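J.: Predicted model follows, preceded by the sequence.
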Amino acid sequence: MNKTLPLEQQLCFALYSASNAVVRLYRPLLQPFDLTYPQYVVMLALWQQDNISLGELGSKTLFDSGTLTPLVKKLEQKGWLKRMPSSVDERVKHVVLTSSGKALETAVAGVMPALRCQISLTDERLIQLRALARQVQSDIQQLERCSAGE
């Protein structure tokens, strides 16, 4: 009879638990800015490239529209961004940072270094870990595209 691997030997559990642990580390660092981790991800994407469509923002953050729309609405309520109709197609909404949303980038600049101090891996190991995580994510995306017939 075949048995499953024990929980501690499962790749999925290792990735899941590590991801949750990292997000928990972010919580107290983001709390003074009234940001959740998913909101922080949206803001990071917009600080990298402002004035993009909701679809582009979803592609960058990997959030589906059911997740992204409430995040964007909440960030808009906080005054950090605005949703604007596209000049080309009014059905398409662009997400644009406000001046306070742009200023927030400077305010939260210390979050990443503070987080880095809490993780004992060397910079080289963190770079390797990030590359491996990206490779797993890329492989899965490719598999999903092949399954969808793209």
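T.: Perfect, thanks for sending it. Numbers count the residues shown, from 1 in each chain.
J.: all strands of the protein, in order?
T.: For the chain, applying DSSP state E gives strands covering 52-53, 81-85, 93-97.
J.: Tell me which of those sits most buried.
T.: For the strands of the chain, the largest average neighbour count (mean count of other CB atoms under 10 Å) is found in strand 93-97, namely a mean of 19. C-beta: built from backbone N, CA, C; applies to glycine.
J.: before we move on, the earlier item: can you list the strands of the chain in CSV and add distance to Ser19?
T.: Putting the strands of the chain into CSV (distance: least, CB to CB, whole Å) gives the following:
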stretch, distance to Ser19
strand 52-53, 25
strand 81-85, 25
strand 93-97, 25
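J.: Include mean pLDDT and distance to Leu44 when you put those strands into JSON lines, please.
T.: Converted to JSON lines, the strands of the chain look like this (pLDDT from 0 to 100; distance: least, CB to CB, whole Å):
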{"stretch": "strand 52-53", "mean pLDDT": "94", "distance to Leu44": "13"}
{"stretch": "strand 81-85", "mean pLDDT": "94", "distance to Leu44": "13"}
{"stretch": "strand 93-97", "mean pLDDT": "95", "distance to Leu44": "12"}
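J.: Which one of the ones you listed lies nearest to Arg130?
T.: For the strands of the chain, the distance to Arg130 is smallest for strand 52-53, at 23.2 Å, taking CB to CB.
J.: what about Leu57, distance to Val72?
T.: Computed with CB to CB, to the nearest Å, the distance linking Leu57 and Val72 is 7 Å.
J.: my bad, should have said Gln137
T.: Relative to Val72, and taking CB to CB, Gln137 is found at 22 Å.
J.: And these two? Which one has more around it.
T.: When Gln137 is set against Val72 and neighbours are counted by other CB atoms under 10 Å, the residue ahead is Val72, at 24 against 11.
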